[in-house]
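Novice: Pasting a predicted model and its sequence here:
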Amino acid sequence: MPYRKKPVVGLLPFYLKLYDDHQPERRNGFSAFLRRITDQLERCGIEVRTAPVCRVESEFQGAIKTLEQDGADCIVTLHLAYSPSLEALEAFCGTRLPIIILDTTMDADFGLAVDPARIMYNHGVHGVMDFASMLRRRRRHYDIVAGHDSDPSLFKRVTEKVNAAVIANALRGSKVLRVGHTFAGMGDFSVAEDVLAAKLGVTVRQIGLDVLDQAVEKISDAEVSEEVAADRQRFDCELPPDHHERSVRVGLGLRRIVEQDGYQALSVNFQAFDRGDRPSDTMPFLEISKGMSRGIGYGGEGDVLTAALVGALARAFGAVTFTEIFCADWAGDSLFLSHMGEINPAIAEARPRVISKPFFLGVSHDPAILTCAVKPGPAVFVNLAPGPDDSFSLIIVPVDVLPEGDGLAPAMRNAIRAWVRPRGGVAPFLEAYSRAGGTHHSALVLGEHVEAIKAFGRMIGLETKEI
């Protein structure tokens with residue numbers, strides 16, 4: 001199964017102290033409604049931490065501090081009644097947790113025949129307006145979902161916003177490992193490490209193959225045999241045993257570094273593997289692919305920016321891979337996605353294959369790679385593009401992954417591959433993408449997740465463009 005994190009939501013109810021001072025018994029009328037909202041969130045696979053009902057600044061401050069300590073991915077606000085925004089504003093501006101305003105009320109029907117007594121149970125809407133207006137004035141990013149909980153689409157949309165919060169938190173806390181240097185002259189994804197840290201909260205450590213050598217030397221034959229056996233259980237392994245074992249040994253060394261130091265993403269420059277007479281004697285493509293299935297982000301050629309993006313998206317969706325647009329199929333109005341040897345097996349349509357691939361540099365040993373057809377259906381192509389003045393933009397492209405059918409060239413079975421069709425056509429997409437400054441390294445997310453990814457961009461203040 002693809003890796004993904006179960007989201008944790010802090011549900012924070014707003015109320016007005018004035019009502020408690022004069023009609024304290026009225027608060028009890030909201031208990032069933034609050035439980036109903038909690039149950040709906042939990043049915044969506046979300047873990048809910050419900051804060052006490054908050055009315056004044058000290059209560060909001062205390063509730064948010066507790067939710068932060070409890071590991072909430074975001075705060076979902078619920079206005080039970082009107083609540084003055086200045087009581088909550090400082091507490092919300094002081095937290096880094098993403099904010100999702102749930103604009104809903106107890107009753108679905110508030111038409112001509114309604115009893116005026118129901119006003120007191122259904123007037124949180126103007127409190128939402130007060131709160132959102134002040135958040136915007138303070139430049140505090142937030143998102144909002146409005147509707148009644150009897151509408152099945154409401155909590156589907158809430159879930160997408162919660163997924164966006166998971167991505168935002170994962171990106172801002174990313175520790176990324178770079179093995180080798182960035183590919184010389186490759187400029188589009190290149191960003192200074194201090195800018196990555198300041199703007200996105202991404203930190204980077206770079207190591208050489210000497211560090212990887214030390215880790216590889218500590219891998220036992222028993223560990224290699226166990227991992228090879230596991231590969232044979234989950235993949236069709238069609239390569240010489242010594243090639244498989246060599247790739248597994250180097251891969252396990254890389255895995256040990258990633259796990260011991262707690263990296264969420266990595267990038268490996270294949271050019272660093274320039275000798276076959278050292279412990280790190282083959283490019284660990286197979287481990288990179290398996291790592292993506294465990295939620296470890298990846299970017300090729302030293303691209304730590306895209307690696308962090310892939311890892312953050314994987315926290316929310318699981319079925320995410322690093323990819324690159326290689327060729328335009330003008331005749332078929334599709335795009336061919338590929339790379340040297342990396343693909344997440346969690347996106348495979350059928351059982352993946354592991355093969356040995358000639359290493360075109362001809363200096364280190366031939367690596368093992370994983371290949372597969374990608375599940376056909378809707379997907380989102382996502383790019384995080386550096387821009388002028390240390391800015392970033394998020395480019396989001398709804399696409400359809402095309403089925404391979406029966407016409408695949410036999411040799412193509414050994415390539416990393418997918419064909420996707422942008423919904424506006426290839427030529428208009430390519431024009432718009434390069435006008436927006438999109439880089440040549442990206443992520444592919446299976447499923448209909450455009451709104452979640454757009455919300456993620458808004459939550460961390462990125463310029464977001466859908467093509």
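Specialist: Yes, it's here.

Novice: list the contacts for residue 397?
Specialist: Contacts for residue 397 were tallied using C-beta atoms under 8 Å, 6 or more residues apart in numbering; they are 380, 381, 382, 383, 422, 429, 433, 466, 467. All C-beta spots, glycine's among them, are computed from the backbone N, C-alpha and C.

Novice: same deal with residue 190?
Specialist: Listed by C-beta under 8 Å, 6+ apart, the contact set of residue 190 reads 182, 386.

Novice: how close does the residue nearest the centre of the chain sit to residue 347?
Specialist: Nearest to the geometric centre of the chain sits residue 313, at 1.3 Å (C-alpha atoms, centre = their mean). According to C-beta to C-beta, to the nearest Å, residue 313 stands 12 Å off from residue 347.

Novice: overlap in contacts of these two?
Specialist: Taking C-beta under 8 Å, 6+ apart as the contact rule, residue 313 and residue 347 both touch residue 320.

Novice: Give me the neighbour count for residue 185.
Specialist: 6 (other C-beta atoms under 10 Å).

Novice: likewise residue 115?
Specialist: When counting by other C-beta under 10 Å, one arrives at 7 neighbours for residue 115.

Novice: ok now stretch 104-120, how far from the chain's centre?
Specialist: The chain centre lies 39 Å from the centre of stretch 104-120; the measure is C-alpha atoms, centre = their mean, to the nearest Å.

Novice: Start and end of it, how far apart?
Specialist: Start to finish, the residues bounding stretch 104-120 are 14 Å apart (C-alpha to C-alpha, to the nearest Å).

Novice: buried residues in that stretch?
Specialist: With burial defined by 16 or more other C-beta atoms under 10 Å, the residues of stretch 104-120 counted as buried are 104, 105, 106.

Novice: Pretty sure the second one sits in a strand.
Specialist: Translated: residue 105. No: Residue 105: not assigned to a strand; according to DSSP: H, G, I helix; E, B strand; the rest coil it is coil.

Novice: Now do the helix or strand harbouring residue 454: distance to the chain's middle.
Specialist: Element membership for residue 454 (DSSP states H and E) is helix 450-459. Relative to its parent chain, helix 450-459 has a centroid offset of 10 Å by C-alpha atoms, centre = their mean.

Novice: How about the contacts made by residue 97?
Specialist: Each residue near residue 97 by C-beta under 8 Å, 6+ apart is listed here: 10, 64, 67, 68, 72, 73, 74, 75, 165, 169.

Novice: now, which of those residues lie within strands?
Specialist: Secondary structure from DSSP state E places 10, 74, 75 of these in strands.

Novice: just the helices in the stretch 301-450 of the chain please.
Specialist: All helices of the stretch 301-450 of the chain, identified by DSSP state H, counting those that start in this stretch, fall at 304-317, 426-435, 450-459.
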